[in-house]
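Enquirer: I would like the atomic coordinates for the input below:
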Amino acid sequence: MLQNLFFIGKIVPLLIVIISGIYFGILSDSASLARAFSFKNTISDPGKVVFALYYGGFTYGGWDALASITEELKNPNRLLLADNE
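Expert: This is a model prediction of the structure:
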């Protein structure tokens, strides 16, 4: 019963967002929609894009390694907290 309640609590707001997006998307004029999705004043320097992708991959790699390490430990809470002291 509780699982069904949580399911409804997740799906109803999602449907509200989707339906309102479609509704207001149909009612809006195409000129304001084109302004909303324009790429004016964006940075197109390849060095900055690569820098952002590198740091995004770096942080993901850290979380991936942490997940792999905690799977191998028998008591990860005790062992990982002991290393920080």
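Enquirer: so where does S38 fall, helix or strand?
Expert: Remark: S38 resides in no helix or strand, with elements defined by DSSP states H and E.
Enquirer: With T59 as the reference, measure out to L53.
Expert: 11 Å (CB to CB, to the nearest Å). All C-beta spots, glycine's among them, are computed from the backbone N, C-alpha and C.
Enquirer: same deal with L5?
Expert: 35 Å.
Enquirer: do the same with K40
Expert: Distance from K40 to T59, counting by CB to CB: 29 Å.
Enquirer: Ok, S68 next?
Expert: Noted for S68: a distance of 15 Å to T59, by CB to CB.
Enquirer: can you check Y23 too?
Expert: Look at Y23 and T59: by CB to CB, they are 37 Å apart.
Enquirer: what residues go with each domain of the chain?
Expert: 1-42, 43-85 (automatic domain parsing).
Enquirer: so how far is the shortest one off the chain centroid?
Expert: Relative to the chain's own centre, domain 1-42 is displaced by 16 Å; criterion: CA atoms, centre = their mean, to the nearest Å.
Enquirer: Same question for stretch 38-55.
Expert: Offset of stretch 38-55 from its chain centre (CA atoms, centre = their mean): 19 Å.
Enquirer: what does it contact?
Expert: Around stretch 38-55, nothing counts as a contact under CB atoms under 8 Å, 6 or more residues apart in numbering.
Enquirer: where along the chain do the strands fall?
Expert: Secondary structure of the chain (DSSP state E): no strands present.
Enquirer: remind me which residues of it are low pLDDT?
Expert: Filtered on pLDDT under 70, the chain yields the residue ranges 29-37, 70, 72-73, 75-85.
Enquirer: can you rerun that using 90?
Expert: In the prediction, the chain carries residues with pLDDT under 90 at positions 1-2, 21-45, 48-85.
Enquirer: Quick one: the helices in it, in order.
Expert: Along the chain, counting by DSSP state H, helices occupy 2-27, 30-36, 46-72, 76-83.
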